[in-house]
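Visitor: Got a predicted model here, sequence first, then my questions.
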Amino acid sequence: MLFHVNVLIKSRNYSKAEGIINFRYLLTMGASEAALQLLSGKLSCQVRTSSILANSNSLLCYERRFKARNCGDWRYKQIKGLKKLQDCSSLHAFRGLHSVFRGEKIHNRSNLSICNCQQPERVSKTIIKGGNGKSMHTVSPKIPNLTPDEQNMKQENGARPFSEGFKTASPVNSRPRTNTESIEDEAWHFLRAAMVYYCGSPVGTIAANDPSEATMLNYDQVFIRDFIPSGIAFLLKGEYDIVRNFILHTLQLQSWEKTMDCYSPGQGLMPASFKVRTVPLDNDESATEDVLDPDFGEAAIGRVAPVDSGLWWIILLRAYGKCSGDLSLQERVDVQTGMKMILRLCLADGFDMFPTLLVTDGSCMIDRRMGIHGHPLEIQALYYSALLGAREMLAPEEASTDLVRALNNRLLALSFHIREYYWIDVKKLNEIYRYKTEEYSYDAINKFNIYPDQIPPWLVEWMPSEGGYLIGNLQPAHMDFRFFSLGNVWSIVSSLANIDQSHAILDLIEAKWEDLVADMPLKICYPALEGQEWRIITGGDPKNTPWSYHNGGSWPTLLWQLTVACIKMKRPEIAEKAIKIAERRLSRDRWPEYYDTRRGGFIGKQARLFQTWTIAGYLVAKLLIANPEAAKMVINVEDTELLSAFSSILSSNPRRKRSRKRVKQSFII
């Protein structure tokens, strides 16, 4: 193992632009294979510290010290007989070898991604190839709008930030929009102000940039799910670098070791968010380094790991390839490996008998207790979309055969399960109303033992004669009849809902416009939990009071998903109408996170202003309406093979008894 590492470092002098090798893939594919791929240029390099590598006795343990007076002044001490490191690229190549690096010294955590290419003078240093093939350090001008004072943002515990603090976005001001400036221009101004830089390169956008908030909590972090509309907006604008950087850096933060109370959430888990910190090196103020600090849920309210982060990551990776035309990113060995790790985590066998993904409360956009534990529709729609996207991007190789087979089997079962058992309209409602219970057999009609008394009174009056939707959740003896906007809209986008169901969902949105849109699109769910039901299900959550936040609040960021769905079904007029309603207030109200009340008339009582995904969601909606063809980057077209197999299942007798394989007899000899 050590021999191959030395060969990799000495044989080629990689620049930062090409990246630094991720040593954890040496463990998954073998050092020899990784060495050959690196030397051939197939394996790109990115590094992060790893406790697995840190505990390996076969790897060298060393420490480096340096002072960065200027770009050409790099001095290294010789430690334990090691040769002096000649340049920054050699230093980077060793960064993941041992936990002695700053990752553990700062937080006692080994999953910090570190880079010390950032100078204390806040210049962006780029490493480029010279004519002789060697790396050279160049200095670019200071990053605009990023001053040391602006970097000092409060941590959630109120402690003093490290040195120059979080290297995040520039605080915005609530300046009034000029007469010559459009709402889109203002939105782009605020979106760019939310950009976060790592070693001089943009890597994401913070969740909110509200100057009126003294305590940022975790809104000063880059969330994977929150960055998706920002990433789509940048792709539509032709600015691909920030999306590429985001994809690669979050990949390096992917779960590889235990993260919370000595328990592992599963290899392949993507973090919910990350921070970029600029910290002093060995208490030397003349030298600093950038640190990526991920959060897998261990610091979040409720301590819940994010199920949707990896699914959104795959969706964005596919969108990047389709929009930019650059397929080299998804073909990289580390990206392919990371994608397979996400798939194996999601496709792992368990005790559950359903093809849907079993998750707990708070593991998605609705990140608080709201009674969505089990098999929430939102996750199933993202899951289906990610599986289809991953199947497109997986490199054809023998090692992936079993994974592709499992993926195809899950796609078929998942589409049948959701379309057949989650769908609700007047006809299905009447069928449930006449269900017989306590049925036992393979040919039972009421397979999940749903009691007709579960049908809520509001639904009987609310369900329109034309239209329908997919319910929020399905478990034994339980159907969550609430309408969840993201799950239904993304079921259209991903083709989890068939064509007729997709049109019916949009018909319902139009028919119930005053309930789901009203003064601000779009209700996250309908109706809100109230009274004793709210107290029991949410635990009396003071933030999720009726018609607020996740409990029936209106979220402008959902505008972009609605727009994609309407474009796919060739009904853009619905989205255009919703955009016009949003434009009346978003700029005036300073781009809030969410709105309260039944009609969405008030700014949310705890809503952050200048919420980034509100800004980005509006921009994506406007850009897609102007260029509908671009929506194809996130749309999944119905798979003809899956459709054929699905039709075959429906055409067969659903009440036939399941064939039981003859059990082989065993004999004791």
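Guide: Perfect, I can see it now. Quantities reported herein were computed from a predicted structural model and do not represent experimental measurements.

Visitor: any residues touching stretch 497-514, and which ones?
Guide: 418-419, 423, 425, 462, 464, 466-470, 483, 488-489, 491-492, 516-517, 526, 562, 565-566, 568-569, 571, 574, 599, 638 (C-beta atoms under 8 Å, 6 or more residues apart in numbering). To be clear about C-beta, it is placed using only N, CA and C from the backbone, and glycine gets the same treatment.

Visitor: can you give me the helices in the stretch 501-650 of the chain?
Guide: Along the stretch 501-650 of the chain, the segments classed as helices by DSSP state H, counting those that start in this stretch run 513-516, 531-538, 558-568, 572-583, 612-626, 640-651.

Visitor: so what does the fourth one touch, helix or strand wise?
Guide: Helix 572-583 sits against helix 499-511, helix 558-568, helix 612-626, with contacts defined as 3 or more C-beta pairs under 8 Å, 6 or more residues apart in numbering; DSSP states H and E.

Visitor: Show me which parts of that helix are buried, residue by residue.
Guide: Buried residues in helix 572-583, counting neighbours by 16 or more other C-beta atoms under 10 Å, are found at P572, I574, A575, A578, I579, I581, A582, E583.

Visitor: Closest one of the residues you listed to A319?
Guide: Using C-beta to C-beta, A575 comes nearest to A319 of the buried residues of helix 572-583, at 18.4 Å.

Visitor: Pretty sure that closest one sits against I567.
Guide: Yes: between A575 and I567 there is a contact at 7.1 Å, judged by C-beta atoms under 8 Å.

Visitor: Okay, now the unreliable bits of this structure?
Guide: Along the chain, segments meeting pLDDT under 70 span 1-180, 256-262, 646-647, 649-669.

Visitor: longest single strand anywhere in it?
Guide: strand 284-295 (DSSP state E).

Visitor: Beyond that strand, next helix or strand please.
Guide: Counting by DSSP states H and E, the next helix or strand C-terminal to strand 284-295 is helix 308-324.

Visitor: For stretch 333-351, buried residues please.
Guide: Quick answer for stretch 333-351 (16+ other C-beta under 10 Å): 333-343, 345-346.

Visitor: picking up where we left off before, tell me which of the helices of the stretch 501-650 of the chain lies nearest to C323.
Guide: helix 612-626 (11.3 Å).

Visitor: What angle do helix 572-583 and that closest one make with each other?
Guide: When axes from the mean of the first three to the mean of the last three C-alpha atoms, to 10 degrees is applied, the directions of helix 612-626 and helix 572-583 differ by 140 degrees.

Visitor: helices and strands around helix 612-626, which ones?
Guide: Contacts defined by 3+ C-beta pairs under 8 Å, 6+ apart place helix 612-626 against helix 183-193, helix 224-236, helix 558-568, helix 572-583.

Visitor: Make JSON lines from those and add distance to R391 to it.
Guide: JSON lines is the format used below for those (distance: least, C-beta to C-beta, whole Å):
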{"stretch": "helix 183-193", "distance to R391": "32"}
{"stretch": "helix 224-236", "distance to R391": "20"}
{"stretch": "helix 558-568", "distance to R391": "19"}
{"stretch": "helix 572-583", "distance to R391": "28"}
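
Visitor: Let me know which of those helices is the nearest to I372.
Guide: Among the helices and strands packed on helix 612-626, helix 224-236 comes nearest to I372, with 15.1 Å by C-beta to C-beta.

Visitor: ok, then the element right after that closest one?
Guide: helix 241-252.

Visitor: What would that following helix look like as PDB? C-alpha coordinates only.
Guide: Extracted in PDB, the C-alpha atoms of helix 241-252 (Å, rounded to 0.1, in the frame of the first residue of the first chain):
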ATOM      1  CA  ASP A 241     -17.700  25.800 -12.200                       C
ATOM      2  CA  ILE A 242     -19.600  26.300  -8.900                       C
ATOM      3  CA  VAL A 243     -21.700  23.300  -9.600                       C
ATOM      4  CA  ARG A 244     -18.800  21.100 -10.500                       C
ATOM      5  CA  ASN A 245     -16.900  22.200  -7.400                       C
ATOM      6  CA  PHE A 246     -19.900  21.600  -5.200                       C
ATOM      7  CA  ILE A 247     -20.400  18.000  -6.600                       C
ATOM      8  CA  LEU A 248     -16.700  17.100  -6.100                       C
ATOM      9  CA  HIS A 249     -16.300  18.600  -2.600                       C
ATOM     10  CA  THR A 250     -19.500  17.100  -1.200                       C
ATOM     11  CA  LEU A 251     -18.400  13.800  -2.700                       C
ATOM     12  CA  GLN A 252     -15.200  14.000  -0.600                       C
END
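
Visitor: tell me what that helix is packed against?
Guide: Against helix 241-252 (3+ C-beta pairs under 8 Å, 6+ apart) you get strand 195-198, strand 201-205, helix 224-236, helix 308-324, helix 328-331, helix 333-347.

Visitor: Turn the ones you listed into CSV, including distance to N218.
Guide: Formatted as CSV, the helices and strands packed on helix 241-252 follow (distance: least, C-beta to C-beta, whole Å):
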stretch, distance to N218
strand 195-198, 14
strand 201-205, 14
helix 224-236, 11
helix 308-324, 14
helix 328-331, 28
helix 333-347, 23
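
Visitor: Relative to G374, which of these is closest?
Guide: G374 sits nearest to helix 308-324 of all the helices and strands packed on helix 241-252, at 15.1 Å, using C-beta to C-beta.

Visitor: Output the contacting helices and strands for the closest one.
Guide: The contact analysis (3+ C-beta pairs under 8 Å, 6+ apart) places helix 308-324 against helix 224-236, helix 241-252, helix 328-331, helix 333-347, helix 377-393.

Visitor: Can you add distance to V196 and give these back as CSV?
Guide: Listed next are the helices and strands packed on helix 308-324 as CSV, based on distance: least, C-beta to C-beta, whole Å:
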stretch, distance to V196
helix 224-236, 10
helix 241-252, 9
helix 328-331, 20
helix 333-347, 21
helix 377-393, 24
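
Visitor: Nearest to N449 among the ones you listed would be which one?
Guide: helix 377-393 (20.2 Å).

Visitor: Can you list the buried residues in the closest one?
Guide: Result for helix 377-393 [16+ other C-beta under 10 Å]: buried residues 377-391, 393.

Visitor: Determine which two of those are furthest apart.
Guide: For the buried residues of helix 377-393, the maximum inter-member distance is 24.7 Å, found between L377 and M393 (C-beta to C-beta).

Visitor: picking up where we left off before, out of the helices of the stretch 501-650 of the chain, the one nearest G200 is which?
Guide: helix 612-626 (20.9 Å).

Visitor: Fine by me, we can end here.
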